[in-house]
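Trainee: Dropping the sequence and predicted coords here.
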Amino acid sequence: MNWKKLPLYVVFVVLLAAPVVLSREVVEEVARSEEAIALYGFYLRDVTEEAGISFVHQSPTFDSRLDHIMPQVASMGASVSVVDFDRDGFQDLYVTNSGEGSKNAFFRNLGDGTFEDVAEEVGLAELNEPGTGVSMGTVWGDFDNDGYEDVFVYKWGRSELFRNVEGKSFERVTEKAGFPDWANVHAATWFDYDRDGFLDLIFAGYYHEDLDLWHLPHTRIMPESFEYAQNGGRKYLFRGNGDGTFEDRSELLGPDSPLWAMAIAAVDLRGTGYPDLVIANDYEVDEIYFNDAGKRFIAAGETSRIGFAPKSGMNAAVGDVLNTGQYSIFITNISEPGALVQGNNLWVPRSVFGGDSLTYENMATTVGVELGGWAYGAQFGDLNNDGTLDIVGTNGFISAGRGDYWYDFSKVAGGNTTIISDAANWPAMNGRSHSGHQRKHVWINDGRLRFRDVASAVGLTEVYDGRAVVLADLWNRGVLDVVLAHQNGPLLVYKNTANPERAWIGFDFEGVESNRSAIGTRVEVFWDGKRQVQEVMASSGFCSQNQRRLHFGLGENPNVEKVVIRWPSGRVQTLEAPEPGQVYRIVENESDIEA
Ligand SMILES: [Ca+2]
Ligand SMILES: [Ca+2]
Ligand SMILES: [Ca+2]
Ligand SMILES: [Ca+2]
């Protein structure tokens, strides 16, 4: 071959090959998606790049005495929350970063398939400055009822409250709120526990609140037991006055046991009208608190049976998985065959509402959602619009180099308190993985007590270290899209394409007498002899918050009889025979319903 002809030859080959390779990929994905939609009713396509989202989470680096185990002590902080902060009708995504000096991102949904990071512009980017701690998660709620969603950014360090100024900027109002200067907060939610129309805030620590992880007084910072550790962080309950001030009412939770909190969800489990609390804890039992008419909380972990066997509780999500009008609770745990199989907990209620005597049974094994790897966030949502709630669950602890840390981990985890609680006793990780590179789970619910994992068939094949997952209808198409946040990994956005034959109905709420975010609004849809209940919640899952809009899949050609809405104020509103296929915007006390 003449050397002068080489460049042309190379160019020609590249020109020929590129379109062939690309189109084959596209053709294959189209075939995969058609097959998945035919078999399972939906397909998830990774649209992160075309949506203009480029975000990679960074972990923090603590005191150098933790260097040998840094990947595990700094293994959290990747989070994502959904909010329509500017009220343009499109759901936006707030994402935390956790490296010192790293920036959080706020992806405003432009509605055309792309997003724009406006975190700096609105004043929500620089939240990880050295000396202030680092972000772990966020929870949105309109604490001053002005119609704009405000945000609590919880951190290992100085958590912050920001007031949303008409969807244009955010004003830092932490001091006025009176929240603590420092705590290693890992879980939080807004709820109106006393139903006075003003949102209240609960948050809980992971590491003890006295610890500044960058300047440790000693290395005895680890859990004192793998199963019964009571040396974690405390809980805080703040009652909102609606004007940006809050009263510390932590005493209503009863005597505090400093557990290692991972997730909090507030929801009316008993049909009393008052939101109860579910708290997932690492290294100890999970907790349930029944709300006694807004006056106090009663610890009901043991009586409800949820708080019997300690596991590594990571996630708190609720869903009416059996379409009985009652919530089951999904708490994820660690399952590593050959090392430690705790199994996830799917707590299904055993009695109908049952007041204080409500008990639960763990059905995770029976229904097939027990094994989720080193599991973190999970959410309920009807991904294929067939009328049953499915589950997306993410996982993966530390994906690093060759070798696995499990043997060393098991040795120290089984040691006595003196051994396990001192970081100096933990063997060095030396770049090894620890339950890393794990496949995610998408369990579809057949409505007859069987879930089936279809993750790879529907397009979810990545193996980054998953932390938070959220569900939201990002483009108002009547489907739940999926967004996943990964530790030291990218934020990924999956666009859902569901079987178009299947119907759905959606609801956006605005409280008037109730809190304006309408958090705590309970909605029950009755169709074709079936029913399903959902509730507007703030936090759900692990360090995350779904869209506030409620989405119900209805299956093919549904006949919707009615929708019963119970506002936090107690007012009940009924929609008779609403048309499916639209999002209803419902304002409390107004008879006109906008579709
Ligand atoms: Ca928006
Ligand atoms: Ca507000
Ligand atoms: Ca309140
Ligand atoms: Ca479903």
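Mentor: Received, thanks. Ligands and ions are numbered 1, 2, ... in the order given.
Trainee: Look at residue 540 and say how many residues are nearby.
Mentor: By the criterion of other CB atoms under 10 Å, residue 540 has 31 neighbours. Any C-beta I mention is one placed from the backbone N, CA and C, and that applies to glycine too.
Trainee: please renumber so the chain begins at 8
Mentor: Sounds good: first residue 8 from here, last item residue 547.
Trainee: so it makes contact with residue 334?
Mentor: No. Between residue 547 and residue 334 there is no contact under CB atoms under 8 Å: 11.4 Å.
Trainee: so what's in contact with those two at the same time?
Mentor: Listed contacts common to residue 547 and residue 334 are residue 325; contacts here mean CB atoms under 8 Å, 6 or more residues apart in numbering.
Trainee: Can you name the helix or strand that the closest residue to residue 179 other than its chain neighbours falls in?
Mentor: The shortest distance from residue 179 to any non-neighbouring residue, by CB to CB, 6 or more residues apart in numbering, is to residue 169 (5.6 Å). Here residue 169 is covered by strand 167-172, with elements defined by DSSP states H and E.
Trainee: Does stretch 501-509 reach ligand 4?
Mentor: No. Residues of stretch 501-509 are not located near ligand 4 by CB under 5 Å from the ion, the shortest gap being 9.1 Å.
Trainee: and the end-to-end length of that stretch?
Mentor: By CA to CA, to the nearest Å, the extent of stretch 501-509 from end to end equals 20 Å.
Trainee: And the residue nearest to residue 179, how far from residue 195?
Mentor: 14 Å (CB to CB, to the nearest Å).
Trainee: if you count what's nearby, which of those two comes out ahead?
Mentor: Shown here are residue 169 and residue 195; by other CB under 10 Å, residue 195 has more neighbours (25 against 21).
Trainee: The helix or strand containing that one - contacts with which helices or strands?
Mentor: Assigned by DSSP H and E, residue 195 falls within strand 190-198. Applying 3 or more CB pairs under 8 Å, 6 or more residues apart in numbering; DSSP states H and E, one finds that strand 190-198 makes contact with strand 140-148, strand 157-164, strand 207-212, strand 267-274.
Trainee: Turn the ones you listed into TSV, columns for mean pLDDT, distance to residue 77 and mean neighbour count.
Mentor: Compiled in TSV, these are given as follows (pLDDT from 0 to 100; distance: least, CB to CB, whole Å; neighbours: other CB atoms under 10 Å):
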stretch	mean pLDDT	distance to residue 77	mean neighbour count
strand 140-148	98	13	28
strand 157-164	98	14	26
strand 207-212	98	20	28
strand 267-274	98	18	28
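Trainee: Nearest to ligand 1, out of these?
Mentor: Ranking these by proximity to ligand 1 (CB to the ion) places strand 140-148 first, at 11.9 Å.
Trainee: gap between that closest one and the chain center?
Mentor: How far strand 140-148 lies from its chain's middle: 12 Å, per CA atoms, centre = their mean, to the nearest Å.
Trainee: Same question for stretch 162-171.
Mentor: That offset, for stretch 162-171, works out to 18 Å (CA atoms, centre = their mean).
Trainee: just how off-centre is stretch 420-433 within its chain?
Mentor: 30 Å.
Trainee: er, stretch 182-195 I mean
Mentor: 20 Å.
Trainee: could you dump it to PDB, C-alpha only?
Mentor: Extracted in PDB, the C-alpha atoms of stretch 182-195 (Å, rounded to 0.1, in the frame of the first residue of the first chain):
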ATOM      1  CA  GLU A 182     -29.600  30.300  62.500                       C
ATOM      2  CA  LYS A 183     -33.100  31.600  62.600                       C
ATOM      3  CA  ALA A 184     -34.400  28.000  62.600                       C
ATOM      4  CA  GLY A 185     -32.300  27.200  65.600                       C
ATOM      5  CA  PHE A 186     -31.000  23.900  64.400                       C
ATOM      6  CA  PRO A 187     -27.900  22.400  66.000                       C
ATOM      7  CA  ASP A 188     -24.500  23.800  64.900                       C
ATOM      8  CA  TRP A 189     -23.100  20.400  64.300                       C
ATOM      9  CA  ALA A 190     -24.400  16.800  64.000                       C
ATOM     10  CA  ASN A 191     -23.600  13.900  61.700                       C
ATOM     11  CA  VAL A 192     -27.100  13.800  60.200                       C
ATOM     12  CA  HIS A 193     -27.900  11.000  57.900                       C
ATOM     13  CA  ALA A 194     -31.700  11.000  57.700                       C
ATOM     14  CA  ALA A 195     -34.400  13.600  57.800                       C
END
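Trainee: Buried by neighbour count: which residues of it qualify?
Mentor: 184, 186-187, 189-195 (16 or more other CB atoms under 10 Å).
Trainee: Are it and ligand 2 in contact anywhere?
Mentor: No. Stretch 182-195 lies apart from ligand 2 when judged by CB under 5 Å from the ion; the minimum separation is 12.8 Å.
Trainee: Quick one: mean pLDDT over that stretch.
Mentor: Stretch 182-195 shows a mean pLDDT of 97.
Trainee: Common neighbours of residue 169 and residue 195, please.
Mentor: residue 159.
Trainee: returning to that earlier point: closest one to ligand 2 out of the buried residues of stretch 182-195, please.
Mentor: residue 184 (12.8 Å).
Trainee: distance of the closest one from ligand 1?
Mentor: Noted for residue 184: a distance of 25 Å to ligand 1, by CB to the ion, to the nearest Å.
Trainee: just residue 297 next, same as before
Mentor: In terms of CB to the ion, residue 297 sits 36 Å off from ligand 1.
Trainee: Tell me if I'm right that that residue and residue 283 touch.
Mentor: Yes. Here residue 297 reaches residue 283: they are 5.2 Å apart, a contact under CB under 8 Å.
Trainee: quick one, which of these two is more surrounded?
Mentor: Neighbour count, other CB under 10 Å: between residue 297 and residue 283, residue 283 has more, with 25 against 20.
Trainee: Tell me which residues touch the closest residue in space to that one that isn't next to it in sequence, please.
Mentor: Nearest residue to residue 283, sequence neighbours excluded (CB to CB, 6+ apart): residue 276, at 4.5 Å. By CB under 8 Å, 6+ apart, the contact set of residue 276 is 283, 285, 295, 297, 325, 334, 336, 356, 365.
Trainee: Strands - which of the residues you listed land there?
Mentor: 283, 285, 295, 297, 325, 336, 356 (DSSP state E).
Trainee: what's the most distant pair in these?
Mentor: Pairwise distances among the ones in strands among the contacts of residue 276 were taken by CB to CB; the largest, 14.4 Å, belongs to 297 and 325.
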